[in-house]
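Q: Pasting the sequence and the predicted coordinates here, then a few questions.
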Amino acid sequence: DTGFYKPAADKLAISTGGTSRVIIDDSGNVGIGTSSPGRVLDVIGAIQSSSTIYGVTFAGTNDTNTFIRFPGSDVTEFYNGNTERLRIDSSGRLLVGTSSAITTGAGSVIQAADPVGARIVLGRNDTTVNNGNRIGQIEFRGNATDGVFTVCGQIRCESEGTHSATSRPSILKFATTSSGSTTPTEVMVIDS
């Protein structure tokens, strides 16, 4: 009913109430919630800790410096190459390239910093770009009274002609939504 037993020649199980709770296979893999663990620790189901978890390290054969750290005060830090790359601060702001908020202004939920000036990069991953194809787009959405996020405005980059290795003409289109409407219309174009 409760104790250790061998469900197969290559496995050891711990059971309670007649049900296997933990499996250890012949490779040393431990399974909780699974009878066929595929990793050193393979857990199927939610994990909860009643005490503080200070960090979780992800180490492969060539990488021992990638981890998530929980230093306290509702902060989560993400490290790569033993350097902090990303942080979610106690106000829920996503900080990239900085460990402190650039501004604490309302709505400043995504912030990035870089020694040469941070950029937001949108790219089209396609080897054939024809006239009118979207290269990238920034949308501004609001959910007003119905709870549905709809586009209120946008900035869109499109190709203006077929792209080649030596020619990539593009245009920027700006669209806003007028009073009494729910659909943005193009209000300005900057051509190539």
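A: On my side now, so go ahead. Everything numeric in this text was worked out from a predicted model, so none of it was measured.
Q: in the chain, which ranges drop under the pLDDT threshold?
A: Along the chain, the parts satisfying pLDDT under 70 run over 1, 50-64.
Q: any idea where the helices of it begin and end?
A: With helices called from DSSP state H, the chain shows none.
Q: So what touches stretch 4-23?
A: With contacts defined as C-beta atoms under 8 Å, 6 or more residues apart in numbering, stretch 4-23 is touched by 1-3, 24-26, 30-32, 34-37. (Glycine included, C-beta is placed from N, CA and C.)
Q: which two in those are spaced the farthest apart?
A: Spatial extent of those (C-beta to C-beta) is set by the pair Asp1 and Asp26 at 25.1 Å.
Q: Compare the two and say which is more crowded by neighbours.
A: Neighbour comparison, Asp1 and Asp26: the larger count goes to Asp26, with 10 against 7 (by other C-beta atoms under 10 Å).
Q: and the gap between that one and Ala8?
A: Counting by C-beta to C-beta, to the nearest Å, the gap from Asp26 to Ala8 is 9 Å.
Q: and which of the contacts of stretch 4-23 is nearest Asn82?
A: Looking across the contacts of stretch 4-23 and measuring by C-beta to C-beta, the closest to Asn82 is Val30, at 27.4 Å.
Q: hey, what's the closest one bridged with?
A: Ile24, Leu41 (DSSP bridges).
Q: circling back: hmm, which of the contacts of stretch 4-23 are the buried ones?
A: Burial by neighbour count, judged by 16 or more other C-beta atoms under 10 Å, picks out Ile24, Asp25, Val30, Gly31, Ile32, Thr34, Pro37 from those.
Q: will you turn those residues into JSON lines that also has distance to Ala106?
A: Below are these laid out as JSON lines (distance: C-beta to C-beta, whole Å):
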{"residue": "Ile24", "distance to Ala106": "52"}
{"residue": "Asp25", "distance to Ala106": "53"}
{"residue": "Val30", "distance to Ala106": "47"}
{"residue": "Gly31", "distance to Ala106": "47"}
{"residue": "Ile32", "distance to Ala106": "43"}
{"residue": "Thr34", "distance to Ala106": "45"}
{"residue": "Pro37", "distance to Ala106": "47"}
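Q: Take the contacts of stretch 4-23 and lay them out in TSV including distance to Ser164.
A: Below are the contacts of stretch 4-23 laid out as TSV (distance: C-beta to C-beta, whole Å):
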residue	distance to Ser164
Asp1	73
Thr2	72
Gly3	72
Ile24	59
Asp25	56
Asp26	58
Val30	56
Gly31	54
Ile32	56
Thr34	52
Ser35	56
Ser36	52
Pro37	52
